[in-house]
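Novice: I'd like to go over a predicted model; first the sequence, then the structure.
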Amino acid sequence: MYQTLPGTLHEANEELKKVSYKRIATEEAFCPPEMLNIYREMLDKKLLNDPGFNTMFGFYLGSDSLRAKQIRDYLTDLGELRISHMDQRGIDMQVIGLTSPGVQVMPAPQATSFAAYANDVLSDACRKHPTRFAGLAAVAPQDANAAAKELERSVTKLGLKGAIIHSHTFGEYLDDPKFWPLLEAAEALDAPIYLHPQVPPPAMIGPFLDAGLDGAIYGFGVETGLHLLRLITTGVFDRFPKLTFVVGHLGEALPFWMYRLDYMHRAGVVAKRYERMQPIQGKVSDYLRRNVYVTTSGFAWEPAIKLCQEVLGVERVLYAMDYPYQHDVAEVIATDDLDISDEVKKMLFQTNAETVFKL
Ligand code: 1DF
Ligand code: MN
């Protein structure tokens with residue numbers, strides 16, 4: 001079992017086909033070396049009482065396993081190494097964001113200033129490689145007014161294409177009115193927010209952690225799917241109807257849940273069964289189809305991709321790889337080989353991303 005680790009032993013690209021579309025990968029991560037140093041200090045000084053962060057970065061920063069070393073090397077490169085991996089895997093363009101959990105584990109002033117630094121670094125790389133890289137802005141929800149300003153600077157001055165937010169911020173979710181200035185700015189700028197996973201917060205992580213399921217295997221998806229669903233059912237999209245979210249891992253399972261979400265939301269509201277469940281203007285599924293795009297990050301799997309295309313619409317599903325956490329050329333080939341029309345394949349790999357991120 002497990003003779004090859006994802007992304008380690010697939011160097012050959014002979015099997016990659018020449019295709020008539022650009023492959024644009026839309027959930028790709030980077031990390032300035034300085035942020036690894038900040039994380040290292042947080043771990044060494046035990047600054048964060050966050051078992052999820054401490055477990056994940058205890059591994060990525062403390063382990064000398066091949067995976068941890070590769071992640072450190074690949075995350076910190078925004079030049080030739082990354083581009084050579086893209087070439088080997090047939091990726092024409094990456095839409096790059098600061099890795100999870102980004103600045104959202106830092107005290108507000110440090111988070112705000114580091115986000116600006118990361119955005120300068122990323123936008124420089126995008127200017128240097130304009131046909132290969134596009135970028136998403138890091139923002140610090142800890143100070144929502146500053147985050148709104150940084151998003152505006154990033155989009156209007158730096159040429160970044162939207163924001164990336166790594167789900168909760170110290171256990172708080174974006175439906176909290178204190179974060180609304182950031183949502184308002186995103187809507188006004190017509191800038192999509194990529195809602196990317198991070199580990200569940202301390203109040204949620206217990207039963208994940210003791211089974212080893214807190215990370216990308218499941219905890220990530222459950223926590224981020226919950227976040228998106230909260231935004232819908234608390235009426236965030238009634239308040240900001242033009243707001244666009246992009247969600248990876250095929251919508252963190254919500255498209256599969258769509259029927260039941262609609263049914264139980266309606267049942268709960270009609271029966272006034274749950275005090276905090278309020279009526280919203282549409283059905284849950286209306287917002288998933290109107291305000292949300294999903295990407296295939298980590299999901300080179302035909303049945304699930306097709307389900308999303310069917311229930312959301314083919315214009316709402318975008319390709320992503322999840323470099324450097326997952327970057328196996330066999331998955332690119334599997335996605336090329338999906339049993340869908342050439343027209344829809346081009347939407348999946350190229351034109352939907354061009355539309356959403358204005359590439
Ligand atoms: C992992 C995966 C870690 C993803 C990540 O951030 C991450 C992982 C620290 O496999 O441990 O963003 N991911 O997006 O799949
Ligand atoms: Mn990711």
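Specialist: It's in. Residues are numbered from 1 along each chain as shown. Ligands and ions are numbered 1, 2, ... in the order given.

Novice: and the strands in the stretch 51-200 of the chain?
Specialist: Assigned by DSSP state E, counting those that start in this stretch, the stretch 51-200 of the chain shows strands spanning 93-98, 133-135, 137-138, 163-165, 193-195.

Novice: kindly compare burial across the ones you listed and name the winner.
Specialist: strand 137-138 (a mean of 30; mean count of other Cβ atoms under 10 Å). (Each C-beta comes from the backbone N, C-alpha and C, glycine too.)

Novice: and that strand, which strands flank it?
Specialist: When pairing is defined by DSSP bridges, strand 137-138 lines up against strand 163-165 (parallel).

Novice: what mean pLDDT does the partner strand get?
Specialist: Average pLDDT, strand 163-165: 99.

Novice: residues contacting that strand, please?
Specialist: Under the criterion Cβ atoms under 8 Å, 6 or more residues apart in numbering, residues 97-98, 102, 104, 136-139, 141, 151, 154, 174, 182, 186, 191-196 lie in contact with strand 163-165.

Novice: before we move on, what about stretch 256-274?
Specialist: Defining contact as Cβ under 8 Å, 6+ apart, one finds that stretch 256-274 is touched by 229, 233, 254, 277-279, 283-285, 288, 304, 307, 311.

Novice: for it, buried residues please.
Specialist: Buried residues in stretch 256-274, defined by neighbour count with 16 or more other Cβ atoms under 10 Å: 256-258, 261-262, 265, 268.

Novice: could you do stretch 16-36 as well?
Specialist: 19, 21-32, 35-36.

Novice: show me these that map onto strands.
Specialist: Mapping the buried residues of stretch 16-36 onto strands (DSSP state E) picks out 24-30.

Novice: of these, which ones also sit close to ligand 2?
Specialist: Contacts with ligand 2 within those, as defined by Cβ under 5 Å from the ion: residue 27.

Novice: flag every residue of this protein that's near ligand 2.
Specialist: By Cβ under 5 Å from the ion, the residues of the chain that approach ligand 2 are 27, 322.

Novice: below-threshold pLDDT in the chain: ranges please.
Specialist: Applying pLDDT under 70 to the chain flags the ranges 1-14.

Novice: for it, list the residue farthest from the centre, please.
Specialist: Distance from the C-alpha centroid of the chain, by Cα atoms, centre = their mean, peaks at residue 271 (35.4 Å).

Novice: so how far is residue 147 from that one?
Specialist: 38 Å (Cβ to Cβ, to the nearest Å).

Novice: what residues does the stretch 251-359 of the chain put near ligand 1?
Specialist: Applying Cβ under 6 Å from any ligand atom, we find that the stretch 251-359 of the chain lies next to ligand 1 at 298, 322, 325.

Novice: can you tell me the SS state at the first one?
Specialist: Three states are possible here, and by DSSP: H, G, I helix; E, B strand; the rest coil the one that applies to residue 298 is coil.

Novice: just the second one next, same as before
Specialist: Following three-state DSSP, we place residue 322 in the coil state.

Novice: thought residue 27 was touching it, still the case?
Specialist: Yes: the criterion here is Cβ atoms under 8 Å, and residue 322 meets it with residue 27 at 5.5 Å.

Novice: give me the common contacts of the two.
Specialist: Here residue 322 and residue 27 have 248, 297 as joint contacts, going by Cβ under 8 Å, 6+ apart.

Novice: scan the residues of the stretch 251-359 of the chain next to ligand 1 and report the most crowded one.
Specialist: Neighbour count (other Cβ atoms under 10 Å) singles out residue 322 as the most crowded of those, with 25 neighbours.
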